[in-house]
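> Provide a 3D model corresponding to the input given below.
(chains A and B)
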Amino acid sequence: MVLFFNKHNKKKLTNKSKPIKVVFEQAKKSSDFHQYSPFDDSDRLLISYYKSMVDVEKVNRLLLPSIQKHIGKTTNLDDIKNYIPFDDLHIVKDGSDVQNKLMQGYAMIQLNELYTQFLAVNIENNGLGIRKNNDTENEFTVVGPKVGFIENMDVNIHLLRNKISISDLVIEEVIIGSMSKTKVAIAYLDGITNPQNIQTVRQRLKDIDLDVVFDNSHIDQILSDNSNTIFPTFLSTERIDKAVFSLVQGQIAVLSNGSPYVITGPATLMNFFITPEDYYFPWIIGSFFRVIRYFSVIFSIFATPLYVAILTFHYEVIPEVLLGPLINSRANVPFPPVLEVIFMELTIELLREAGARLPTKVGQTLGIVGGIVIGQATVEAALTSNILLIIVALSALASFTTPNYTMSNAIRVLRFPFIVTAALWGGLGIAIGMVFLFGHLLRLKSFGTPYLVPLFPFRRKNFRDSFIRSSFDYTTARSKFLRPLKIRRYTPKRDREDINNE
Amino acid sequence: MPLKYVAFFILIFVSITINFTMPKRIIDKIQMITVAGYDYVDENTLKGTIATPIFLQKGEIQDILYTDDASMIYDLDTKLNTEASEDLENGKLAVVLFNEELAKHGVKDYTDFLLREPSIGSGLYLAVTEGSTNELLSSIKSMKGAGVYLSDLIKHNIQSQKHPDTNLKTFTYSLECETCDPFLPYFRMVDGKPKIDAIALFKKDTYIDQIPIEDSFVFNLLNGDIENGDYVLERKEFKAAIQNIDTDRKVIVNQQNGSINILLDIEIIGVIREYTGNRVLRDKGKIKKDLEKELHKKAEEMIKNFQEKNIDPIGIKEQIRSKIRALTIKQINDQYPAITINMHITYTNLESGTRR
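Numbering: from 1, shown residues only, chains lettered A, B, ... in the order given. Predicted structure coming up:
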């Protein structure tokens, strides 16, 4: 007792811990906190837990019967350890430890109300309120696994370990959030991923000071090297294969509890246009689709600005045969091309935003409203020209091909400054906009590695898997810009030619 | 981003927006000149006619013609703008016509503005008309519009080798080049429609002669390589249509005792497609001989004519200059009318076709 008292005193003096009494008093304010004794003489044994955090069935079926059965033999907490059917048991003495454990779904067993020593039993109900599985609906592919990450980090780590079954996959855990106490994990391959990058991530995570971590994208923004950019600097994905691919390449994954998205970095611009299907199809088909995706990004950014520039300033470049249709379709439109384009682009953005907010069942109506009513009616009301409607619709369609949602949002936004510069200075304005865009992209970094990697700094070998996806015979090396400890991923056998010649 | 950067960007943006505005030319708020014709009035005055299309519904085009007299082309521009309902723009100019009289007085002053205007492309076609350009332009009744109509007319004739290659760029090149002379298509009104009737030959920038369009094959032969041309050989006893003609011109320059001697070695490869005689296979040799003879005669006449007029549209002087570096341009120009130009034309028949 004296010993305890001393310790208690000391802690109180150093102000590191709360007295247990205060902890319980605070807890008792909540209606879901239970503290009771399973026996009539209440001072023999006390059990306390948050009902909402523990698995009540386990308490009733396993914990209480075993204690009631063996209570005669129990003189101290270690005795209880021997007979209750749980594995995660701790002896806790400290007040704030008690508080934390209670919040995590532990039950506290106290032999006597006077004793300040507790047995913490883990009866947490992990899966409660969390969906059991996640189909990768937001990053859908026809071929390939459909299981995605869910909101439970333990399951996510399990899913990762299923794919990478070596002990080199290291998971480091940190707690972030003064209120949420969210578990955040760094995953990397020991002996492959560059330790310097790992240290950067570790350090940045350690420095985060947040109250509640709502989602992994929250962490993404805080980890980011430049918070004033519209481009995502880390790849976030709900697909297991994508996360594993990044890990294998020598990138680092950051998972957080309660978020079905895993962020991986250091990422480059090219990473955001890769889909797993590129690798599931033969390389020629995969490359073809990838090239189409790059083309569609360029189209989606520049189609409407070019329309504005050409129709306002550079009528010379329009072929004679196109002049008639263009002029005819614009004949009754009272606005200059800029207003016409901004009006139409905003309409599309509205449709898209409304589509994202609406419940799925009402969403179908939106297609009809957007496509038929607005599209047809604006043309007939001479608010916009037919040709612009096609261009805007095509560029919206093209922006949907970007596999990463954050990146496709960036492309949506990027169009508007270009429209403005095109309206002010025509083709020259687009060029000025490009200068600013490239200036920004060239300076952008992700965990200290340049964002435009195979282009600048120019890395010839990286072109094997950036604009096109070459055959697996040639994508054997990890990207050098990540500075992995091992460059070679696998060694393909060289006897293919013999098979072909037979 | 620190505040100073934001302030910097705003400053730059505002100053550029205020100080630098591009002239707006929204396509439905302008009238695009597609063809312009210039007629000679007197020493200091020319009469300009321009056609601008009005795009009607259903893809139809109606041309509006504007005509006025002016001393210079930009003067004309200002005058015509007072007639037009929208701003007249030169950017889609496809064809520029000069009437014969104007061409005789030299066209250099009027091509100058074409070269200076940045929105005019160098693929523009120049042409000479027999009568007034105004008359020619008002005669065109086409859904395409006069500009596209005329430029298509010239373009397809160049593509099918009826007329040697010409546009603003080649014309001005020949003007600037001290040893060459340019040529242009020559329009004549036939049954109320414009027709490319001849190749107008220029001495520097003044029109002096023409070659009938029937002889354009011979001109092409001398001018350079023909790909996929055709020629009809007419004799009293038979006619033969030779098609898919590929030619190869070599200019061999010899200098002996100070006098220049030129050999034009022309190889022709073709296919006999149509023959009115009895048996092609038997007469092949005769066709070959007749063809070579006929072409040789025509070519010799043509070159003699060039030398008499002291013009060089086919670029022989340029060949001399590049082969004999010792001669100055003046020496070449002086010697040109007197040099002997020999010809060696060979025809190779690839096939004579099969008959059922």
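> Can you tell me which residues in chain A are near chain B?
Residues of chain A lying close to chain B (CB under 8 Å from any CB of the partner chain) are A:228, A:311-313, A:315-316, A:318, A:320, A:323-328, A:330-331, A:333, A:336-337, A:424-426, A:428. Yep, even glycine has a C-beta here, placed from its N, CA and C like the rest.
> Pull out the buried members of these.
A:311-313, A:315-316, A:318, A:320, A:323-324, A:326-328, A:330, A:333, A:336-337, A:424-426, A:428 (16 or more other CB atoms under 10 Å in any protein chain shown).
> now, which of the residues you listed lie within helices?
The helices, defined by DSSP state H, take in A:311-312, A:320, A:323-324, A:326-328, A:330, A:337, A:424-426, A:428 from those.
> got the buried residues for the host helix or strand of B:I158?
In this assignment (DSSP states H and E), B:I158 forms part of helix B:146-159. If you call a residue buried by 16+ other CB under 10 Å, then helix B:146-159 has these buried ones: B:A146, B:G147, B:V148, B:Y149, B:L150, B:S151, B:L153, B:I154, B:K155, B:N157, B:I158.
> how about the residue nearest to B:K47 when sequence neighbours are not counted, what does it touch?
Excluding its sequence neighbours, the residue lying closest to B:K47 (CB to CB, 6 or more residues apart in numbering or on different chains) is B:D39, at 4.3 Å. Residues in contact with B:D39 (CB atoms under 8 Å, 6 or more residues apart in numbering or on different chains) are B:L46, B:K47, B:G48, B:T49, B:N99, B:E101, B:L102, B:S132, B:T133, B:N134.
> Neighbour count added to those residues, as a markdown table?
Shown next, in a markdown table, are those (neighbours: other CB atoms under 10 Å in any protein chain shown):
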| residue | neighbour count |
| --- | --- |
| B:L46 | 24 |
| B:K47 | 19 |
| B:G48 | 24 |
| B:T49 | 24 |
| B:N99 | 24 |
| B:E101 | 15 |
| B:L102 | 24 |
| B:S132 | 21 |
| B:T133 | 29 |
| B:N134 | 19 |
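> Dump the residues you listed to TSV, plus secondary structure and pLDDT.
As requested, the contacts of B:D39 are exported to TSV (DSSP: H, G, I helix; E, B strand; the rest coil; pLDDT from 0 to 100):
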residue	secondary structure	pLDDT
B:L46	strand	90
B:K47	strand	92
B:G48	strand	92
B:T49	strand	93
B:N99	strand	92
B:E101	helix	93
B:L102	helix	92
B:S132	coil	91
B:T133	helix	92
B:N134	helix	91
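> for these, which one is nearest A:S96?
B:G48 (94.6 Å; CB to CB).
> Grab the nearest non-local neighbour of that closest one.
Nearest to B:G48 is B:L76, by CB to CB, 6+ apart, at 4.3 Å.
> does that neighbour really touch B:A70, like I thought?
Yes: counting by CB atoms under 8 Å, B:A70 is a contact partner of B:L76 at 3.7 Å.
> Identify the residue nearest the geometric centre of chain B.
B:T166 (2.9 Å; CA atoms, centre = their mean).
> which residues does it contact?
B:Y125, B:L126, B:I154, B:I158, B:P182, B:F183, B:L184, B:P185.
> Distance of the third one relative to B:D209?
Between B:I154 and B:D209 the computed distance is 20 Å (CB to CB, to the nearest Å).
> Please, which helix or strand holds the residue in the stretch 251-356 of chain B that chain A sits nearest to?
Here the stretch 251-356 of chain B gets closest to chain A at one residue, B:P313, 29.6 Å apart by CB to the nearest CB. Counting by DSSP H and E, no helix or strand carries B:P313.
> so A:T476 makes contact with A:Y490?
Yes: in this structure A:T476 lies within contact range of A:Y490 using CB under 8 Å: 5.8 Å.
> and the helix holding B:I158, is it in reach of chain A?
Yes: applying CB under 8 Å from any CB, one finds helix B:146-159 touching chain A at B:G147, B:V148.
> immediately after that helix, which helix or strand?
helix B:168-176.
> name the helices or strands packed onto that following helix?
Applying 3 or more CB pairs under 8 Å, 6 or more residues apart in numbering or on different chains; DSSP states H and E, we find helix B:168-176 packed against helix B:108-116, strand B:125-129.
> 10 Å - rerun?
helix B:108-116, strand B:125-129, strand B:183-190, strand B:193-203 (3 or more CB pairs under 10 Å, 6 or more residues apart in numbering or on different chains; DSSP states H and E).
> so B:I262 sits in a helix?
No: applying DSSP: H, G, I helix; E, B strand; the rest coil, one finds B:I262 to be strand, outside a helix.
> in the chain, which ranges drop under the pLDDT threshold?
Looking at chain A here, since you left the chain open. The model of chain A has pLDDT under 70 over residues A:1-17, A:41-43, A:113-114, A:494-502.
> My question was about chain B, not that one.
Short version for chain B, where the test is pLDDT under 70: B:1, B:355-356.
> top helix in it by residue count?
Max-length helix for chain B by DSSP H is helix B:280-309.
> relative to strand B:193-203, how tilted is it?
60 degrees (axes from the mean of the first three to the mean of the last three CA atoms, to 10 degrees).
> Chain B - how does it break down into domains?
Using automatic domain parsing, the domain parsing of chain B gives B:27-212, B:224-351.
> out of the ones you listed, deepest packed?
Greatest average neighbour count among those goes to domain B:27-212 (a mean of 19), per mean count of other CB atoms under 10 Å in any protein chain shown.
> Now the terminal residues of that one, how far apart.
41 Å (CA to CA, to the nearest Å).
> near chain A, which residues of the stretch 101-250 of chain B show up?
Contact residues (CB under 10 Å from any CB of the partner chain) of the stretch 101-250 of chain B with chain A: B:P118, B:S119, B:I120, B:G121, B:M143, B:K144, B:G145, B:G147, B:V148, B:S151, B:D152.
> where along chain A do the strands fall?
Assigned strands in chain A, in chain order: A:33-36, A:46-50, A:89-92, A:106-110, A:118-122, A:169-176, A:182-189, A:235-237, A:252-256, A:262-265, A:445-446, A:449-450 (criterion: DSSP state E).
> which helices and strands sit right next to the fourth one?
Pointing back at strand A:106-110 there. helix A:20-28, strand A:33-36, strand A:46-50, helix A:77-83, strand A:89-92, helix A:95-103, strand A:118-122.
> same thing but 6 Å
strand A:46-50, strand A:118-122 (3 or more CB pairs under 6 Å, 6 or more residues apart in numbering or on different chains; DSSP states H and E).
> Just the buried positions in the last one, please.
Looking back up the chat, that one is strand A:118-122. A:F118, A:L119, A:A120, A:V121, A:N122.
> List the residues that contact the closest residue to A:S259 other than its chain neighbours.
Counting by CB to CB, 6+ apart, A:S259 lies nearest to A:N216, which is 3.8 Å off, once chain neighbours are set aside. By CB atoms under 6 Å, 6 or more residues apart in numbering or on different chains, A:N216 lies in contact with A:S256, A:S259, A:Y261, A:I263.
> State the distance from the first one to A:P19.
Read it as A:S256. A:S256 is 33 Å from A:P19, by CB to CB.
> cool, B:D209 as well?
For B:D209, the distance to A:P19 - CB to CB - is 118 Å.
> where do the strands sit along the stretch 201-350 of chain B?
All strands of the stretch 201-350 of chain B, identified by DSSP state E, counting those that start in this stretch, fall at B:206-212, B:229-234, B:239-256, B:259-275, B:340-351.
> Which of the ones you listed sits closest to A:G191?
Going by CB to CB, the one of the strands of the stretch 201-350 of chain B nearest A:G191 is strand B:239-256, 68.0 Å.
> Which element, helix or strand, includes the residue of chain B found nearest chain A?
Residue nearest to chain A within chain B: B:G91 (3.7 Å; CB to the nearest CB). Assigned by DSSP H and E, B:G91 belongs to neither a helix nor a strand.
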